[in-house]
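[1] Structure of the sequence below:
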Amino acid sequence: MTARALRWLLLVWGGLGAAVILYVIIAASVKPDHPRAINARLLVGEMADFAIARPPRPAPMAPFEFEGREMTFSDFRGKALLVNFWATWCAPCVRELPSLGALQAQLGGEDFEVVAIAADVRGPEAAARFLERLEVRNLKLYADPRLRLMSEIGGANVLPVSILIDREGREIGRIVGEADWTSPEAIALVRAAMTG
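    Got it, this is the predicted structure:
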């Protein structure tokens, strides 16, 4: 090997070594967007289709209704939320709502709440009758009859849509379609949001 070829080889190896060192320095200095980001290992079973928001984004601010008054997610500051959009005409919602009620009964309190929002233009009265027929008792009735909040989250071709919001008011991620919120995977995901 000639001296010129040897110098060229050393230059290439030196450049690669410098690139590796630079990568390690940068990777060590970058902080995650969320101090306790959702671990991908939690996204199995019932939660396999949960789409993580990278980076976590602020929760939507459009108002929705509760007992005749308007409110926003800022009214829940300090609580982790599972926001679920459902409608009376949605068959998968019928199957999912009892598990949301059970989740609220199990984990609901100062640190967590299921916010089940009826995205139904027929209004909260129709939604209340629907919940009574299903015998879902642990959920408060929130409503979005003008679909303002539904529009702000990007609309939905399919219901239900569930959005997990951390205690700082940021969307961690969402799942479109029915899920069993009493499954071990769902409970672990919600507990991770509560500790964040």
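[2] Tell me where this structure is predicted with low confidence.
    Across the chain, the ranges flagged by pLDDT under 70 are 5-38.
[3] any idea which residue sits dead centre in it?
    L164 (2.6 Å; CA atoms, centre = their mean).
[4] how does the chain divide up, domain by domain?
    Residue ranges for the domains of the chain, per automatic domain parsing: 1-30, 36-195.
[5] re earlier: contacting residues for the residue nearest to the centre of the chain?
    F50, A80, L81, L82, V83, E171, I172, G173, R174, L189, V190, A193 (CB atoms under 8 Å, 6 or more residues apart in numbering). Placement of C-beta: from N, CA and C, glycine included.
[6] Let me see the ranges of the helices in this structure.
    Remark: helices assigned in the chain by DSSP state H are 3-29, 91-107, 124-134, 148-152, 184-195.
[7] What's the local residue count around A102?
    17 (other CB atoms under 10 Å).
[8] And the closest residue to it other than its chain neighbours, how far from K79?
    Distances taken as CB to CB, 6 or more residues apart in numbering place T182 nearest to A102, at 4.9 Å, with adjacent residues excluded. Distance from T182 to K79, counting by CB to CB, to the nearest Å: 20 Å.
[9] Mind checking which of these two has more residues around it?
    Taking neighbours as other CB under 10 Å, T182 and K79 compare with K79 leading, 19 against 16.
[10] Show the contacting residues for that one.
    By CB under 8 Å, 6+ apart, the contact set of K79 is E110, D111, F112, E113, R167.
[11] Verify the contact between the second one and R167 for me.
    Yes - counting by CB atoms under 8 Å, a contact exists between D111 and R167, whose distance comes to 7.4 Å.
[12] Mind checking which of the two has more residues around it?
    Neighbour tally, D111 and R167, criterion other CB under 10 Å: the higher count belongs to R167, 17 against 14.
[13] Give me the neighbour count for N39.
    N39 has 11 nearby residues by other CB under 10 Å.
[14] thought it was touching A192?
    Yes - counting by CB under 8 Å, N39 does reach A192; the two are 7.0 Å apart.
[15] residues in contact with G45?
    By CB under 8 Å, 6+ apart, the contact set of G45 is S183, P184, E185.
[16] again, only this time at 6 Å
    By CB atoms under 6 Å, 6 or more residues apart in numbering, the residues touching G45 are E185.
[17] quick one: it and R95, what's the gap?
    Applying CB to CB to G45 and R95 gives a distance of 17 Å.
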